[in-house]
Structure formats: C-alpha cells, structure tokens
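Q: Need coordinates for the below:
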Amino acid sequence: MIALVRSELLKYRSTRLFWGMLIGMFLTGAAFAAIGAAFTIYGEMPMGGQTVEMRSLVPDETLVRQTYTGGIQLGYLLALVIGVLSIGQEFRHKTATGTFLAAPRRSRVIAAKVISLIVIGAVNGVVHLAGAMIGGGALLAANGIPLFPGPGGLVRTLALALLVLGLWALMGLGIGVLIPNQIAALLVAIAFAWIVEPLVGFGLSLVDGGSEVARFFPSQATSAALDTFGGMDASAAEQMGASGDQLAWWAGALVLLAYAAVMTAIGTWLTRRRDIV
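A: Numbers count the residues shown, from 1 in each chain. I've put the predicted structure just below:
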C-alpha cells in the first residue's frame, strides 16, 4: 500500500498540475481574502431602515475567520478538479490498465488514490491558507485588527478548511470514476459545484421547508463546517448571505464526510466491476 501511495504522489508531483495548482491556490487565497476583508472593513449595508457600516456588525474573530476562508469556494472547486484529474488522466492517457495490473486488487489502487488525495488536498490547503493569511492579514493589520483573535476557534476553522479541501477532492475522484471521459467529468463537476447546486439551493430556500433540505447540500455544509458567520447577530448574518437554518459546524463536517465516503464507495465499486482497457 505504501508503494502505491508513493506512486500516486509521484504521478501528481511529476506533472505541471502540481505547480499550477499550488500557484492557483496561493493566489486565490490571497486575492479573495483581501477582497473579502476590504468589503467588510470598508463596506456598508442597509439594515433596519438605515445604512450601517459592516465592520460594526462583525466581531474581530468572525472577521478574521471570514477573511482567511474567503477564497474557500474557489479552493474547493480546484480541489474537486484535482480529484477528477487523479483518475480522469488515467482513462484519458490509457494508463489505467498498467496501474490496475500493477496492484493485486483494484480496491487497493482506489485506496491509494484516496490517501494521496487527502495528502494533496492538505498540502494545497496549507498553501491556500498561507496566501489568505498574507493577502488578508496585511489588510487586517493595516486597520489595527488582530490577526489571531480567539486562537482556539480560529485553529479549528483552519483545520476544518484543510479537511474540507481534502473531502472535495475525494468527491472529485468519485465523479471521475462515474464519468470516465475526463472533459465531460470536469464540466459536470464544475457546473454542479458552481451553478446547479447553488441555484437549486436558492430555489429550495423559496419553498416552505426547502431550506431544511438545502442546508445538507455540499456548499452549505462547507459554510457550516467553517462556521463562517459564527458570533454574528442572526439577522445581520442572514443579510450577509448566511442560511437561517445552517447546520452546526460539526454537523456540516459530518455531512461532507458522508458525501466523500459515498462517492469513494461508488468509485471503488464501479472500478472493481468495470472493464479497464
């Protein structure tokens, strides 16, 4: 198993995708953290018939948490792409046959890919958060806002951000197995994560009881796991985009774990049954 994991990590490191994703993760983390912090620090919003400064509504700990995870939506999209490509490139370049013949059981290959994706997701997550801390931290410091208020809660959020990126990569692996055509798998994954799922979630929020279903969607579970609006007044948080029926942070993490587990299980089952040529 160790040899298989090393092989999967070597495959990833030996491609241009390795450096491209690291650079992309860093830049998106830095850019979105800075933009999000500026929006909250300098922005205003209507509330209670008057215009109020957003900074007055957001406690320091919440602002820092929002800043450092401001680019997580693009971050988990990139992680999803990594997961799709981890198996999609095998099908596209016809290397899947050699890969599966090299291991006595196909399930061991999938297990190795799962472990390697968790490592890859964590590495990319660290780079993404480093970019966020540099880009967003500079703006926070310039405005006299502490960079690490309430370190216990912040460390939990940052650790969960790493977990979130790893789990989205595993969901991408499942999609890549379900749809062997790499281009089609990428299009479906990106469209689902950024267009279909948010639109369906928004539509459900307009229907009685729909929010109870929408809060279990991957994107909303991600927001819940990171506790993005924790510590804010509920009405102010809703005006800034929070769901009124958001899950607790631990429940959001468990929902994402369930999605990743199901997608991985489906991927393993299909791989064991499918003819690989």
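Q: what residues are up against the residue nearest the centre of the chain?
A: A centroid search over the chain (Cα atoms, centre = their mean) returns residue 76, at 2.7 Å, as the residue closest to the centre. For residue 76, the contact set (Cβ atoms under 8 Å, 6 or more residues apart in numbering) comprises 164-165, 168, 193, 222. The way it works is simple: take the backbone N, C-alpha and C, and place the C-beta from them, glycine included.
Q: Can you measure across stretch 90-108, start residue to end residue?
A: From its first residue to its last, stretch 90-108 covers 16 Å (Cα to Cα, to the nearest Å).
Q: pull the longest helix from this protein.
A: Looking across the chain with DSSP state H, the single longest helix is helix 106-142.
Q: Which strands or helices does that one pack on?
A: For helix 106-142, the elements it packs on are helix 2-13, helix 16-42, helix 60-68, helix 72-92, helix 96-101, helix 151-178, helix 249-273, judged by 3 or more Cβ pairs under 8 Å, 6 or more residues apart in numbering; DSSP states H and E.
Q: roughly how far apart are the residue of the chain positioned farthest from its centre and residue 42?
A: Residue farthest from the centre of the chain, counting by Cα atoms, centre = their mean, is residue 49 at 36.0 Å. Computed as Cβ to Cβ, to the nearest Å, the residue 49 to residue 42 distance reads 22 Å.
Q: give me the number of residues near residue 182?
A: Applying other Cβ atoms under 10 Å, we find 18 residues neighbouring residue 182.
Q: how much space between it and residue 189?
A: Residue 182 is 10 Å from residue 189, by Cβ to Cβ.
Q: before we move on, what about residue 258?
A: 18 Å.
Q: And for residue 77?
A: The gap separating residue 77 from residue 189 is 8 Å, by Cβ to Cβ.
Q: and if you look at residue 226?
A: When Cβ to Cβ is the yardstick, residue 226 and residue 189 sit 21 Å from each other.
Q: Then residue 81?
A: 7 Å.
Q: Name the residues contacting each of the two.
A: residue 172.
Q: Out of the contacts of residue 76, show me where the pLDDT dips lowest.
A: On pLDDT alone, residue 193 ranks lowest of these, at 89.
Q: distance of the residue nearest to the centre of the chain from residue 162?
A: 11 Å.
Q: For the stretch 1-150 of the chain, give me the ranges with low pLDDT.
A: 48, 91-104 (pLDDT under 70).
Q: swap the cut-off to 50 and go again
A: Scanning the stretch 1-150 of the chain for pLDDT under 50 picks out nothing.
Q: re the thing from before, mind giving me JSON lines with the helices and strands packed on helix 106-142 and columns for distance to residue 132?
A: Output for the helices and strands packed on helix 106-142, formatted as JSON lines (distance: least, Cβ to Cβ, whole Å):
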{"stretch": "helix 2-13", "distance to residue 132": "23"}
{"stretch": "helix 16-42", "distance to residue 132": "4"}
{"stretch": "helix 60-68", "distance to residue 132": "5"}
{"stretch": "helix 72-92", "distance to residue 132": "9"}
{"stretch": "helix 96-101", "distance to residue 132": "35"}
{"stretch": "helix 151-178", "distance to residue 132": "9"}
{"stretch": "helix 249-273", "distance to residue 132": "19"}
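Q: Cool, thanks, signing off.
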